[in-house]
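Participant: got a structure for you, letters missing:
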């Protein structure tokens, strides 16, 4: 991984999610009223989260799950309710604080603040990274997928921003909206280009792409991809 580009982007994201827009993201992931723009993002994220959960077994008892880039912990809670032992990590301390405050009394999750690729996290049966890789350049994204695969035994589920004409146009229009309604910069990549890069990766030998699904709801566009160990 090119440390400079990765570390610079990681620092930018930490500043955005932990300081600039922490309150906005806490609101977005609640059931409180939001603007029409944010409502489309909320709806898209809800559908994406359910898609990733549907791609895991209904019964996760005895399995260890990593929620890589957990935000306020909505996916982590659902996985824990299925019986999983969940470690949920995010670089934004304020979002993890919100996740801990919202945690139901009958659910246990090991929330942490830090780097999702930290080897000290240990090993997992499955790893999920919802909308947490989309801000990194393609070469960094693939290196992150490689690292998450090293942490997983059976399955890695992640999302990427698909490169489409419509998405590019929406991003251009989005710059006209108030800064508080803008998402942080993302790095679109074509599904074919991403799969080609993954196929060339020696670290991903033995891992096979599986299900994929693109979700578009207003100002939210993201594509899920499953990779499993052969």
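Facilitator: Yep, it's here. Only a predicted model underlies this, so the values are computations on that prediction, with no experimental measurement involved. Residues are numbered from 1 along each chain as shown.
Participant: now residue 131, what's its secondary structure?
Facilitator: Counting by DSSP: H, G, I helix; E, B strand; the rest coil, the backbone at residue 131 sits in coil.
Participant: So residue 156 lies in a helix, does it not?
Facilitator: No. The assignment for residue 156, made by three-state DSSP, is strand rather than a helix.
Participant: Look up how far residue 18 lies from it.
Facilitator: Per Cβ to Cβ, to the nearest Å, residue 156 is found 25 Å from residue 18. Placement of C-beta: from N, CA and C, glycine included.
Participant: Have a look at those two and say which one is more surrounded.
Facilitator: residue 156 (25 against 19; other Cβ atoms under 10 Å).
Participant: now the end-to-end length of stretch 69-80.
Facilitator: In stretch 69-80, first residue to last residue: 16 Å (Cα to Cα, to the nearest Å).
Participant: Show me the helices in the chain, by range?
Facilitator: Using DSSP state H, the helices of the chain run over residues 3-15, 22-28, 36-54, 74-81, 93-102, 138-151, 165-174, 191-199.
Participant: I'd like those laid out as JSON lines, including distance to residue 211, mean pLDDT and mean neighbour count.
Facilitator: What follows is the helices of the chain, written out as JSON lines (distance: least, Cβ to Cβ, whole Å; pLDDT from 0 to 100; neighbours: other Cβ atoms under 10 Å):
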{"stretch": "helix 3-15", "distance to residue 211": "27", "mean pLDDT": "84", "mean neighbour count": "14"}
{"stretch": "helix 22-28", "distance to residue 211": "26", "mean pLDDT": "95", "mean neighbour count": "18"}
{"stretch": "helix 36-54", "distance to residue 211": "9", "mean pLDDT": "97", "mean neighbour count": "17"}
{"stretch": "helix 74-81", "distance to residue 211": "17", "mean pLDDT": "98", "mean neighbour count": "21"}
{"stretch": "helix 93-102", "distance to residue 211": "27", "mean pLDDT": "98", "mean neighbour count": "18"}
{"stretch": "helix 138-151", "distance to residue 211": "16", "mean pLDDT": "97", "mean neighbour count": "20"}
{"stretch": "helix 165-174", "distance to residue 211": "21", "mean pLDDT": "59", "mean neighbour count": "12"}
{"stretch": "helix 191-199", "distance to residue 211": "12", "mean pLDDT": "98", "mean neighbour count": "14"}
